[in-house]
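**Student:** I'll drop the sequence and a predicted model, then ask my questions.
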Amino acid sequence: MTIFTDFVLHKNVLDAIHDMGFEEPSPIQEACIPKILEGGDLIGQAQTGTGKTAAFGIPLVEKLTPANRVQAIVLTPTRELAIQVAGELLRISKYKKIRTLPIYGGQSIGHQIRALRQGVQVVIGTPGRMLDHLRRKTLRLENVNMLVLDEADEMLDMGFIEDIETIISHMQEERQTLLFSATMPPEIKRLAHRYMKSPQTIAVSREEVTAPLIEQVYYKVFDRNKLESLCRILDSQDVELGIIFCRTKRGVDELSEALQARGYLADGLHGDLSQAQRDKVMKAFREGSIEFLIATDVAARGIDVGNVSHVINYDIPQDPESYVHRIGRTGRAGRKGIAMTLVTPREMRQLMVIQKQTKAVMDSRNVPTLEEIAERKRTQMREQLIALLESDSAHEMYHQIVEELSHEYEPNKIAAAALHLAFHSESGNAEDEEVYNFGETGAAKGMVRFFLNVGRNVNMKPQDLVREISETVGIPGKAVGRIDIFENFTFVEVPEDVAPFVYEALRQTRINGKRINLEPAKPRTRRT
Ligand code: AMP
C-alpha cells in the first residue's frame, strides 16, 4: 500500500494534501504521480471520480517555482471543469507561494487581464479564451514547461482540437505534456502522437473483482442537494446500523456534523482521530448508541461489526476494489444487507465501470419524495399510537386533560391536536426542493420532451438512444417515450420524474462517438 509520504514531495505539498483530507492515493494517483514527478510525457485514461485531477495536480504544484511567469497550463473543455481544477490546484498549493488563475469565456476579460498582469504561475482555462489572451498578448507561453490536456476526448467532441494545436504552437518544445481522457478515440491518439514525446500510457483497469451477493442499488442525486437526498434515503429505510462512506476526512467531518445537526445518531471515523477517540466511536457503534458510522475507506478497513444493515456510498468509490471493500461491511455472517450508492450525473460513467468490473447488478432508485417520507412518518406514528393504546402504560396522567377538554371539543379534534403537538416539529425540516421546470415541451402527459443536437447524421437509431438513456439513467428501455429522429436532430420523450437526471446525465455522454447536447423541446415543434 502506498501512502502520500512515499512520494518525493515537499512538506508544503504533503501538508496541503493532509489538509484536503486525502488519506491515501487513489489507484490512478499511485500510478501517475511518481511518473510525472520523474518527468516524461504521460497519457492517463481515467474518468471523473477517480481522483485524476490530483493525479496531475499534485506533481504539477510540486514542480512550480515562485518565479513570476506562467509555468504550466491546463486546458479543459468547459468553464465548470476549469473552475473545479483551479480549486483543486489552489488547495494543493495552499502552503506554496504560487498563484493559479482560471480563465474562461463568459467572465470579464478585463478582470482576467489584470490578474494575469499581476503574475500567475499556472493558468487553467478553456481553449477559446486561452487563444483570445494569446492574440491580445496578455498571456505568454514561452516559459511553460508543463501542459495538461484534461478530458481530452471532451475537448475533441467540442471541436477544440484546432484551438489546442494553435495554443501548443505558442509553446516551447521542451516541456512535459500530460493528457487525460476517459476514452481514447483515434483522434486523441493522433494528437498524442503529434505533440507528445514517447508518452507512457496509464490505465488503471485491474483484474475483475467480485462483489458479494447482497442487494445493491443506486440513487440518482444532484450535487447541490446531496445531503437532503441522503437524509430522505435514510428516513425511508429501516436501518439497524449503517456505515456511510465519504471520500475524504474532511468530508467525514462535515457530514457527521450535518447529520448530527439534523438529529441523526451519527459519528465520524477517520485516520486523524487518536486511537482512544476511534475506540470510543467504534464502541458506541457496536452498542448501537450511534446508528450511523461515517467513515473514509481507510478508517473502515477491518471493521467487523455483525449487524450492519446498510452501507451507503455518499461519495462514489474511486475504483471497483474499493467498492467491493466498502460493501463487504454489510451482509456479514449470512445476515441481510443492502449497499446503496449515491451517483451524480457526472459520475454515471464511473458507476458503469464499477458495475462492469464487479459484475454487480444494481437497481436504480429515485430519491424518495417528501410526500413518501411524510407517508412513512404517518405510518410509523400510527404504529406507535396503536402500541401505546394497547399497552396500559403511563398515559393515564393525560386522561384528566382529555376529560376536561371533551366537554367543549370533539374527541377527534382533541386527538388530532395532540398529535400535531407531538409530531409536528419532526416533519418540518425539509428544505425547499430543487425544482426543474422544463415548461411546456409538447410531450405526452407525464413526460418531458427533449431536443437533441444529433440525428441520422451520426447513424443514430432509436434503439441506440433507448439504450443510452436506459443505461445512463437506469430506467427500463420501455419507459422511454416517443422518439423522432431527423437528419441533424432528434426529439425524445422521457418520464417526468427522471427528466432532470436525463437532462444532466445525457449531456455527459456520446452516441456513436458524438457528444450530445440537449435542451427541453419547444412545444410548437411537436409533430403530429
Ligand atoms: P476527480 O476524479 O479528479 O474529479 O476527483 C474526484 C474527487 O475525489 C474530488 O473531490 C477530489 O478532491 C477527491 N479526491 C482526489 N484524490 C483523492 C484521494 N486520494 N483521497 C480522497 N479523495 C480524493
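**Tutor:** Ah, there it is.
**Student:** tell me what the helix or strand where F56 lies is packed against?
**Tutor:** Using DSSP states H and E, F56 falls within helix 52-63. Packing partners of helix 52-63 (3 or more CB pairs under 8 Å, 6 or more residues apart in numbering; DSSP states H and E): helix 11-20, helix 27-38, strand 42-45, strand 72-75, helix 79-92, strand 146-149, strand 176-181. Bear in mind the C-beta positions are built from the backbone N, C-alpha and C, glycine included.
**Student:** need those in TSV (columns: mean pLDDT, mean neighbour count and distance to M348).
**Tutor:** Below are those laid out as TSV (pLDDT from 0 to 100; neighbours: other CB atoms under 10 Å; distance: least, CB to CB, whole Å):
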stretch	mean pLDDT	mean neighbour count	distance to M348
helix 11-20	96	16	25
helix 27-38	95	21	18
strand 42-45	95	24	18
strand 72-75	97	25	24
helix 79-92	94	20	16
strand 146-149	98	24	23
strand 176-181	97	24	17
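**Student:** L141 belongs to a strand?
**Tutor:** No. Going by DSSP: H, G, I helix; E, B strand; the rest coil, the assignment for L141 is coil, not a strand.
**Student:** just checking, H10 touches E62?
**Tutor:** Yes. Using CB atoms under 8 Å, H10 is in contact with E62, at 6.4 Å.
**Student:** these two: which is more packed in?
**Tutor:** The neighbour comparison of H10 against E62 (other CB atoms under 10 Å) goes to E62, with 20 against 12.
**Student:** now the closest residue to the ligand within the stretch 301-450 of the chain: closest residue in space, sequence neighbours ignored.
**Tutor:** Nearest residue of the stretch 301-450 of the chain to the ligand, counting by CB to the nearest ligand atom: Q318, 6.7 Å away. The shortest distance from Q318 to any non-neighbouring residue, by CB to CB, 6 or more residues apart in numbering, is to S26 (4.2 Å).
**Student:** hmm, that neighbour is touching P317, no?
**Tutor:** No. Counting by CB under 8 Å, S26 does not reach P317; the two are 9.4 Å apart.
**Student:** number of nearby residues for the residue of the stretch 151-300 of the chain found nearest the ligand?
**Tutor:** When distances are taken as CB to the nearest ligand atom, the stretch 151-300 of the chain reaches nearest to the ligand at R247, 3.9 Å away. Residue crowding around R247 was assessed by other CB under 10 Å; the count is 22.
**Student:** touching stretch 7-17 from outside, list them.
**Tutor:** The contact list for stretch 7-17 (CB atoms under 8 Å, 6 or more residues apart in numbering) reads 4-5, 25, 33-34, 37, 54, 58, 61-62, 91-96.
**Student:** what residues does the protein put near the ligand?
**Tutor:** Contact residues (CB under 6 Å from any ligand atom) of the chain with the ligand: 22, 25-26, 29, 48-54, 88, 247-248.
**Student:** show me what counts as buried in stretch 149-167.
**Tutor:** Neighbour counts using 16 or more other CB atoms under 10 Å place 149-158, 160-161, 163-164, 167 of stretch 149-167 among the buried residues.
**Student:** no no, stretch 468-488
**Tutor:** Judged by neighbour count using 16+ other CB under 10 Å, the buried positions of stretch 468-488 are 468-470, 472-475, 480-481, 483-485.
**Student:** so who does D297 touch?
**Tutor:** D297 touches 23-24, 245, 317, 322, 325-326, counting by CB under 8 Å, 6+ apart.
**Student:** perfect, that will be all.
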